Structure formats: structure tokens, C-alpha cells
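1. The amino acid sequence is not available; the structure is as follows:
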Ligand SMILES: [Zn+2]
């Protein structure tokens, strides 16, 4: 009787596949999970224990950028200098210049850029307690990250004030800015300069909609600084995609525009231009889009 040894090989292949999948999953989850050990003292009388995934009140932990890495974006900050990592700082300058050309001169200012963990503690804790806006840390965390859990500490995130305001929209920290002409321009073009919206409307992370809060990940993966920014924000991007967001892989716009189109007719000439395969990319709206990848002649 012939002995089927193929099952051993198949089992080994299956095991190898599972190990690879587990490895990819651990790479995203472990950095945060390793921190999920003990209650964190946020403010006086407000100690909170992080969840199993390392998040605290829904927020992801971030370390503070070394001061030597930060540069001021000039003129951009409101009231105080807007400090950022070099790469996003350069892209803000480019974004502001493009906005000027598009008729939105002076429409964007840096409301809040890099924030130290100690400054974040002041912001977070000053609104908790009797007679203040929030009862406790959990309520406060809906609209502000606890100290040690803010993207602002990385130097790769900022709050952009949009103007000019109107009688109907008088607050730069209100959703209404998304419907101002300049706000619409920003939502449509920020990704071209590497910025994506961390907390989109209806985000599954459970955060308030913040159309002013942008994190920088570089317009393409090969943009200098993008690898570092994308690894810092990997957990957030994998679990709570930004919208508008930036695709994980770089494709020429003409190919991206083809995503979602019906299946094309295969190229009659394999050596020439045409379609080479189906792909999936992260896309705005918090999901993935699939489509067909083209090839240039
Ligand atoms: Zn912010």
C-alpha cells in the first residue's frame, strides 16, 4: 500500500504560514502590549490601568521626541512656536505654499504642534474635577489624550487651525471647520503632503471627530522620515485607519484612480502596457480598496 507522506509536508507548510502570520501580528501588537502592566497615575486621584492591547482609555502610547530633533515651523504657530520633526515641518511649508496658490493664503496656522508629556498632563488634568468640564479621566479622554498617549509627543502630529472663520463657524476646534472652503481644501489635499486625519468622523477607536488633528506619515513610503513615522503609528494605522488616509504602498495617481473600477480586459500584449494583477491598498474612509494594477509601456 502506498504511504501518503504529503500530509507531513502540507502540515509543515501550514505551520510555517501560521508562524509568519503570528509574527506579523505580534510585530503590530506587542510594542503596546508590553506596556500594559500596571495602573498609570494620570492626574491626582486619576489612576487608570491600560487594557490588554496597551491602550489607555482608548489611546495608544507614544514616547516623547528628543528636543534636539524638533525644529520650529516659521511663520506658522499661533502664540507660540510650532515645533515639529524636520520632515513634517518641511511638508507644512510646502502645504502652506500650495494653499496660497489655490487661493487660501494664510488659511492655515499651527494651533498645537509638538507637546511634551508634561505639557500634555497639564492640558489633560486641568479640565478634570469639580466645576470643570469633565468628571474624570475617562470623560476627558474622549477629547484629549492622556499624558504619554498623545500623537503630539512624537513631533509628527499637529492641530491645524483653519480660517477664515464665519459667523456660523466660530471655533477652530469644532467639526464645522471641515465644511469651510479652506477646510475642504485641506481634507482634499493634506495627503499629498503626507498628512492624514487620525480621528475621522465615526472612528472605531471611539475618539471625538477631530478634523483639525493630522499626523504625518509621508506622502509615499520612500519619503525621508516616512519609515520612522509609519513605524511609530503602525498600531494605530493597522487597527484604526485614518480618513482621509494615505495608502501603504505608492502607486501613480492614474493607477490609484483605477481602483474600484470593473475588472479590465487583460492586455493583448504581455510585453506592453496593460493590467498585471489585482491588488489591495489602504484607502480613505477607514477601509481597504481593491483594484487592478496597471503596467506602463
Ligand atoms: Zn491634536
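-> Received, thanks. Quantities reported herein were computed from a predicted structural model and do not represent experimental measurements.

2. Give the bridge partners for the residue in the stretch 151-297 of the chain positioned nearest to the ion, please.
-> Closest contact between the stretch 151-297 of the chain and the ion, by Cβ to the ion, is at residue 213 (3.6 Å). Every C-beta, even on glycine, is put in place using the N, C-alpha and C of the backbone. Note on residue 213: beta-bridge partners residue 159, judged by DSSP bridges.

3. Measure how buried it is and give me the count.
-> Close neighbours of residue 213, defined as other Cβ atoms under 10 Å, add up to 24.

4. okay, now the residue nearest to residue 134 when sequence neighbours are not counted: neighbour count?
-> The spatial neighbour of residue 134 that comes closest, neighbours along the chain excluded (Cβ to Cβ, 6 or more residues apart in numbering), is residue 140 at 4.1 Å. Residues near residue 140, counting by other Cβ under 10 Å, number 25.

5. contacting residues for the residue of the stretch 151-297 of the chain closest to the ion?
-> Counting by Cβ atoms under 8 Å, 6 or more residues apart in numbering, residue 213 touches 151, 157-159, 197-199.

6. rewinding a little: what sits against the residue nearest to residue 134?
-> Residue 140 neighbours (Cβ under 8 Å, 6+ apart): 124, 127-128, 133-134, 146.

7. which sections of the protein are below the confidence cut-off?
-> 1-36, 249-297 (pLDDT under 70).

8. list the contacts for the most centrally placed residue in it?
-> Using Cα atoms, centre = their mean, the residue of the chain that lies closest to the mean C-alpha position is residue 198, 4.3 Å off. Applying Cβ under 8 Å, 6+ apart to residue 198 gives the contacts 151, 157, 210, 213-215, 236, 242.

9. With residue 157 instead?
-> 150-151, 198, 213-216.

10. got it, and residue 125?
-> Contacts of residue 125 by Cβ under 8 Å, 6+ apart are 42-44, 46, 147.

11. now residue 99: how far from residue 182?
-> From residue 99 over to residue 182 the distance is 7 Å, taken as Cβ to Cβ, to the nearest Å.

12. now residue 86
-> For residue 86, the distance to residue 182 equals 26 Å [Cβ to Cβ].

13. Ok, residue 243 next?
-> Distance, residue 243 to residue 182, by Cβ to Cβ: 19 Å.

14. now the strands for the stretch 151-297 of the chain?
-> 157-162, 195-197, 213-216, 274-283, 287-295 (DSSP state E, counting those that start in this stretch).

15. got the contacts of residue 125 as JSON lines, with neighbour count, secondary structure and distance to the ion columns?
-> Shown next, in JSON lines, are the contacts of residue 125 (neighbours: other Cβ atoms under 10 Å; DSSP: H, G, I helix; E, B strand; the rest coil; distance: Cβ to the ion, whole Å):
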{"residue": "42", "neighbour count": "24", "secondary structure": "strand", "distance to the ion": "17"}
{"residue": "43", "neighbour count": "20", "secondary structure": "strand", "distance to the ion": "19"}
{"residue": "44", "neighbour count": "9", "secondary structure": "coil", "distance to the ion": "24"}
{"residue": "46", "neighbour count": "18", "secondary structure": "strand", "distance to the ion": "20"}
{"residue": "147", "neighbour count": "24", "secondary structure": "coil", "distance to the ion": "14"}
